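# Would you be able to build a 3D model of this:
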Amino acid sequence: MALKQFKPRTPGTRGLIQVDRSALHKGAPEKTLLEGKKKTGGRNNTGRITSRHIGGGHKQKYRIIDWKRKKFDVEGTVVRMEYDPNRTAFIALIEYTDGEKAYIVAPQRLQPGDKIIAAQKADIKPGNAMPLKGMPVGTIIHNIELKPGKGAQLCRSAGTYAQLAGRDQGYAQVKLASGELRMIHQDCMATIGAVSNPDHMNTNDGKAGRTRWKGKRPSVRGVVMNPVDHPHGGGEGKSSGGRHPCTPWGKPTKGYKTRKNKTTNKFIIRRRKKK
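Coordinates of the predicted model:
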């Protein structure tokens, strides 16, 4: 979908760039696939803020997405494409031949009326799902499982995709967008194509209020605080912090390695950001 720019009739529309969503469904979502969603404001059960910069925002309902695609050999028809406030990608409402309905993350080039299917072996076209062992090498994929039957965990946000690079000894070699080459069990499910809404990264909210509608509160830089409030605080004039970037509690950030699950290192063939 194309980007939509606005005439600068107000300060808020001067820099506003949005994705043109005119082709999406304009009515209410499928009622049987909705769940209530309660906001926490970033606070835990004792009322203390444990996640900063969260609060307010428009009320939302959660759309139940079929991440597993275990309904094998039953053809489904794309009823419509919809906006989902809980994610950056668009979603598609599928109606199967047995009458069941489900939401899936919509891939690019999927249109209302298209037929999709999940099977051990299916046509290589956007929206079809199958295990990695049934796909030809070089296929562009998204919604990739890391464990068979667990549901999609990789490549779920707008515009993302991975590529099946090879197969060896019961594992598929998948090249991720970060540059990482990773082994994933060949029985894991994946969906053909790239995720919809690739223009999401080129949007501009135009004003602070539009960010508040999303439930994001303002973030204050540490260097403008006092020393009592932040490790970067204090100094004469505009100081640059004078130490490595860190949180108000002194934990390093911006480049700090947070990977803890070393047991999965054996599945990584080539790490991201490798020259």
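# Quick one: end-to-end length of stretch 135-155, please.
Across stretch 135-155, the terminal residues are separated by 17 Å (CA to CA, to the nearest Å).
# One more: stretch 96-105?
For stretch 96-105, the first and last residues are 16 Å from each other (CA to CA).
# Only the buried residues of it, if you could.
By neighbour count on 16 or more other CB atoms under 10 Å, the buried set for stretch 96-105 is 102-105. Using the backbone N, CA and C atoms, a C-beta is placed for each residue, glycine as well.
# now stretch 76-85
Residues 76, 78, 80-84 are the ones in stretch 76-85 that count as buried (16+ other CB under 10 Å).
# can you name the two of those residues that are farthest apart?
Farthest-apart pair in the buried residues of stretch 76-85 is 76 and 83; separation 20.2 Å (CB to CB).
# what's stretch 218-225 in contact with?
For stretch 218-225, the surrounding residues in contact (CB atoms under 8 Å, 6 or more residues apart in numbering) are 52-53, 208, 230-233, 235, 238-241, 246, 248.
# try 7 Å
53, 230-233, 239-241, 248 (CB atoms under 7 Å, 6 or more residues apart in numbering).
# And the protein, split by domain according to the record?
22-40+56-200, 221-261 (automatic domain parsing).
# Could I get the ones you listed in CSV, plus columns for distance to residue 214?
Output for those, formatted as CSV (distance: least, CB to CB, whole Å):
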stretch, distance to residue 214
domain 22-40+56-200, 6
domain 221-261, 20
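# right, and those domains - which one's nearest residue 14?
Once the domains of the chain are compared by CB to CB, domain 22-40+56-200 is nearest, at 19.6 Å.
# where in this protein is pLDDT low?
Counting by pLDDT under 70, the chain shows low-confidence ranges at 1, 274-275.
# Spatially central residue in it, please.
residue 157 (2.5 Å; CA atoms, centre = their mean).
# Leaving out sequence neighbours, find the closest residue to that residue.
For residue 157, ignoring the flanking residues on the chain, the nearest one in space by CB to CB, 6 or more residues apart in numbering is residue 88 at 5.0 Å.
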